[in-house]
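J.: turn this into a model:
(chains A and B)
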There are 2 protein chains.
Amino acid sequence: MRNLDAHEDYKVDKAQLHRDLAGLVGSFPTPREAYPAPYGVVGYGEAWWPAQLAQLWTGRLMAEGGTQFVLQGGLDLGAAAGAVAAAEASGARVLRVGFGDAVDVPVDPHPLSPYRYLRFLQEATGKSETGDRTDRALAALAAGLKPEVPTEDNPAKFFAWNLVERIPVWVVSERYAGTGLAPALQQTFARIAGSLSIAPPPGSLEFFITALEARHEQGDPLAAVVLGEDERTRLAVEVLETRVDTVLELPEPPAEGLIPEAMAAWYFVAWAAYYLAILYGRDPGDAEVLARLREEA
Amino acid sequence: MRNLDAHEDYKVDKAQLHRDLAGLVGSFPTPREAYPAPYGVVGYGEAWWPAQLAQLWTGRLMAEGGTQFVLQGGLDLGAAAGAVAAAEASGARVLRVGFGDAVDVPVDPHPLSPYRYLRFLQEATGKSETGDRTDRALAALAAGLKPEVPTEDNPAKFFAWNLVERIPVWVVSERYAGTGLAPALQQTFARIAGSLSIAPPPGSLEFFITALEARHEQGDPLAAVVLGEDERTRLAVEVLETRVDTVLELPEPPAEGLIPEAMAAWYFVAWAAYYLAILYGRDPGDAEVLARLREEA
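T.: Now for the predicted structure:
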C-alpha cells in the first residue's frame, strides 16, 4: 500500500489535481455584465448539481423573460440545445456556460467544475455574498487538507485510509434535503476515486434498516459517512453501527448557511477521494475515459 | 439453494406477501367524497414516492386553499404534523392518509403501500383514468409472475436467480427523469429482498464510466438492471457491459403513459425482490425490524 506522506507516491497524479484542489477558491469565470432577472438555470452532465443548488434561490428551471442559464456539462445528447431553443422562444436571454457548442462562458470539463459553475451563478445572479461565505469555508479547509499536511494532522488522509476497500454510504442530515448533496458526493467520489458509493433514497431510515438484512452477515465492506447531527441522523447511525464495517463522521463544515455548508462537505469529500485514488495508485485526474465517451456520444 | 417452484420453500413468507402482490390491484382506499382543488401532496417515510409521483400532475407540494394531502408513511419525526399545521394556516383542507396520529384515510405500513397511496391520490384528484391504466398494466403482469408460474415461464423468477449475490444498479431511461423511479426501486428492493442496490446520481453516464474504474477488476458483484431504450440507456449499457457481472433488461412495461409504466416497472421489481428473498431464505414480508424502529423514533 502507498504512503500518503511520501512525495513519490503522488506521481500517479499526472494532471496535478492536488493543485486544482488546493487552489480551487477563486478559480471561476467572473461575469462581465449584469444579467436581467428573473433567472432560470438548467444543467447537464457534470453540471447537474450546481443547477440543482441554484434552484434553492432562483426557484425555477426555466426563465420566462430574464436570463436563462444553460450549464453545458457534457453528455447531454441534445438536451442543452433543446433548452436553449425553448428559452429563446419564451423571450429569455440565453447564456451558455460550460463546454461544447456555442459556449458564452467557458468552464472546462473537470471533476471540480461544480464549484466553478456555482460560483459563476452566484456572482451573476446577485448572490455574491453567499459566494464569499462559500469561498471562506473552502479556504478555511484547504490549508489543513493539502498533501504537505501529514496524515496524523490531516483528516482527509485519515478518511481515505478508512475508505480503502470499502463502499461509502452517504448519510446526510435532513437539513440538506433538496440540495442534492448525497448524489453530488456519489458523483465526485466516482470521478476522483474511481469508486462506487451509495446514496440512499428518501425515507432513508427505512432503507438503512432493511437494505442490509439479507446480506450484512456476509460482510459487504461498507462505510457509513455521516454529515450533520439531528434526531434522524442519530437514529441512522444507531441502525448502521451494527451493519457496516465503520462509521465515519464528516467534520462539521466551517461555514454559515446551507449552500456554503454543502459545498464545504463536498470539498472535504473531494480531498478524501483524492487521497483514496493515491492509495489505489489510480490517476485521480484521469479524464481520458470520459473524453472518449464524450466524443462517441 | 432453494427452489422457486417448490411449495415448501415459500414457508419463510410468513405474512404471505405473495398474496398481497398477486392481489395488489384494487387494494386501495376509495375516496368517499370530492376534494376541492388545487391539490398539494407531501409524503414521509414509505410514502415519499407516491408524493413525488403526484407532483407530476399537481405540480406542487403545498396547497394554498384547496386540499392538502399529507401522506403519513412513518418515521417522519414530527415533519408530518408540521406540514399539517402549515397547510391549515394557509386555509387548505387537510387530509391525512397513512398510519399514526389522527389519520383520516388509513393505509397500513406495507412494502407495497406506494401503490395504495398513489391509487387513492389518483381517484381523489380526478385522475382515475390514469389510475385505470395503471391497474390494467399491473393486472396484465400479475398473471405471469405468480409463484404458480414455473421458472421457465416466469421472468421475475428468472430475474431473482440472476440477482443472487449481486448488487443491482438501476439504469433507468431519461424518460423517467423526475419520477423518482430509481430510488423507489432501491427502496422496495431493500424492503422485500432485504438487500442493497445502487441508484445512480443525475449525470449517470459519467457515473457509470468512472465509478467502477478503481475496483472493477476486483469483481464487485454488480448487476445492471436496465429499463427503457434510448440513446443514453444504450450508451450506459455499452459502458457497463465490461464492468458488471451481468446486464439484465426489465421487460417493457405493458402500459400507456409515464406513471402506469413506472408503476409496472416497480411492480415487476417487487416480484423479483420477492423471489430473491425466497432464494435467500428471508421472510419477504418481515416488518418487525421496521416496527421496532418506528416505536423507538
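
J.: SS state for residue A:95?
T.: Per DSSP: H, G, I helix; E, B strand; the rest coil, the local secondary structure of residue A:95 is strand.

J.: I meant residue A:284, not that one.
T.: Here residue A:284 is coil, with the state taken from three-state DSSP.

J.: tell me the contacts of it?
T.: Going by C-beta atoms under 8 Å, 6 or more residues apart in numbering or on different chains, residue A:284 touches A:12-13, A:17, A:111, A:192-194, A:273-274, A:277-278. All C-beta spots, glycine's among them, are computed from the backbone N, C-alpha and C.

J.: for those residues, pick the one with the most neighbours.
T.: Neighbour counts for the contacts of residue A:284 peak at residue A:193, which has 31 neighbours (criterion: other C-beta atoms under 10 Å in any protein chain shown).

J.: what's the spacing between it and residue B:210?
T.: Residue A:193 is 9 Å from residue B:210, where distance means C-beta to C-beta, to the nearest Å.

J.: and residue A:170, by the same measure?
T.: 16 Å.

J.: now residue A:157
T.: Taking C-beta to C-beta, one finds residue A:157 at 22 Å from residue B:210.

J.: repeat for residue A:257
T.: Relative to residue B:210, and taking C-beta to C-beta, residue A:257 is found at 30 Å.

J.: which of these two has more residues huddled nearby?
T.: More crowded of residue A:257 and residue B:210, by other C-beta under 10 Å: residue B:210, with 26 against 14.

J.: pLDDT score for that one?
T.: On pLDDT, residue B:210 comes in at 93.

J.: show me which residues of the stretch 101-250 of chain A sit near chain B.
T.: Contact residues (C-beta under 8 Å from any C-beta of the partner chain) of the stretch 101-250 of chain A with chain B: A:180, A:183-184, A:186-187, A:189-191, A:193-203, A:205-207, A:209-215, A:220, A:231-232, A:235, A:239.

J.: tell me the buried residues within those.
T.: A:180, A:183-184, A:186-187, A:189-191, A:193-203, A:205-207, A:209-215, A:220, A:232, A:235, A:239 (16 or more other C-beta atoms under 10 Å in any protein chain shown).

J.: low-confidence stretches in chain A?
T.: Within chain A, the set of residues satisfying pLDDT under 70 comprises A:215-220.

J.: now do the strands in chain A.
T.: A:39-43, A:67-72, A:93-98, A:105-106, A:167-172, A:222-227, A:246-249 (DSSP state E).

J.: surely residue A:71 touches residue A:98?
T.: Yes - between residue A:71 and residue A:98 there is a contact under C-beta atoms under 8 Å: 5.4 Å.

J.: quickly list what's touching both of these two.
T.: By C-beta under 8 Å, 6+ apart, residue A:71 and residue A:98 have these common neighbours: A:47, A:107, A:117.

J.: can you redo these as TSV with distance to residue B:39?
T.: Formatted as TSV, the shared contacts of residue A:71 and residue A:98 follow (distance: C-beta to C-beta, whole Å):
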residue	distance to residue B:39
A:47	33
A:107	40
A:117	35
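
J.: most neighbours of all those, which one?
T.: Across the shared contacts of residue A:71 and residue A:98, neighbour numbers were computed from other C-beta under 10 Å; residue A:47 holds the maximum, 31 neighbours.

J.: which one is residue A:76 nearest to, not counting chain neighbours?
T.: residue A:44 (3.6 Å; C-beta to C-beta, 6 or more residues apart in numbering or on different chains).

J.: residues in contact with that neighbour?
T.: Going by C-beta under 8 Å, 6+ apart, residue A:44 touches A:71-76, A:79-80, B:203.

J.: re earlier: and the shared contacts of residue A:71 and residue A:98, which is closest to chain B?
T.: Closest to chain B out of the shared contacts of residue A:71 and residue A:98 is residue A:47 (8.0 Å), distances taken as C-beta to the nearest C-beta.

J.: my guess is that closest one contacts residue A:116. True?
T.: No - look at residue A:47 against residue A:116 with C-beta under 8 Å: they stay out of range, at 9.4 Å.
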